[in-house]
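**Q** return atomic coordinates for the entry below.
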Amino acid sequence: MTGREDQKRNDLFFLCSLIEYVGRQTKNRRADVVNAMGKKGLEHYYELAEVYHSENIDKLTAEIVSKYHISQGKYDNMEKKSDGTPSHWDIGKVMCRLILEVSRCGGGSVIDALIEVYNSWIVYKIDDYSSSMYYENTSYQYASYKAGHVL
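**A** Take a look at the predicted model:
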């Protein structure tokens, strides 16, 4: 461990933030971005996150959009953006924590947990910034996730 956080945790945080950023730029649900990148693509960006973290995020997004043929979508959870709207980094942190908890409790790999979580119902609640789910604590999010509905 170097710095304040474990390196792989920081790599996951970057990957989740990148997924959020690509989704916002292309107006796609985050699951669509994750599924387009596939397990191999996600593993690649996770393993090399320390390198990619120093890249320009717009350049990196353009490369991902081109490489994985991500077309412009119609999903726009940012249309009602206000000063209180969480940044892609904020949402990356929320998703990172939830994915780590799912991986820890389920015993699977981080990337498998990432794919599972992004393809679940809870992402729609986290993406709805008029709800409170995105700023709830991780244990509440995880308990809701496991229950299959908001508790």
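**Q** by contact count, what packs against the worst-scoring helix or strand of the chain on mean pLDDT?
**A** Counting by mean pLDDT, DSSP states H and E, the chain has its least confident helix or strand at helix 49-52, which shows a mean of 90. If contacts are counted by 3 or more CB pairs under 8 Å, 6 or more residues apart in numbering; DSSP states H and E, helix 49-52 sits against helix 7-26. Where you see a C-beta, it was placed from the backbone N, CA and C, and this is true even at glycine.
**Q** could you measure from Ser131 over to Val150?
**A** Taken as CB to CB, to the nearest Å, the spacing of Ser131 relative to Val150 amounts to 8 Å.
**Q** quick one on the thing from earlier: helix or strand right after the least confident helix or strand of the chain?
**A** helix 57-67 (DSSP states H and E).
**Q** any idea of the angle the helix or strand just after that following helix forms with helix 57-67?
**A** Reading on from helix 57-67 to the C-terminus, the next helix or strand found by DSSP H and E is helix 88-106. Taking axes from the mean of the first three to the mean of the last three CA atoms, to 10 degrees, helix 88-106 and helix 57-67 form an angle of 60 degrees between their directions.
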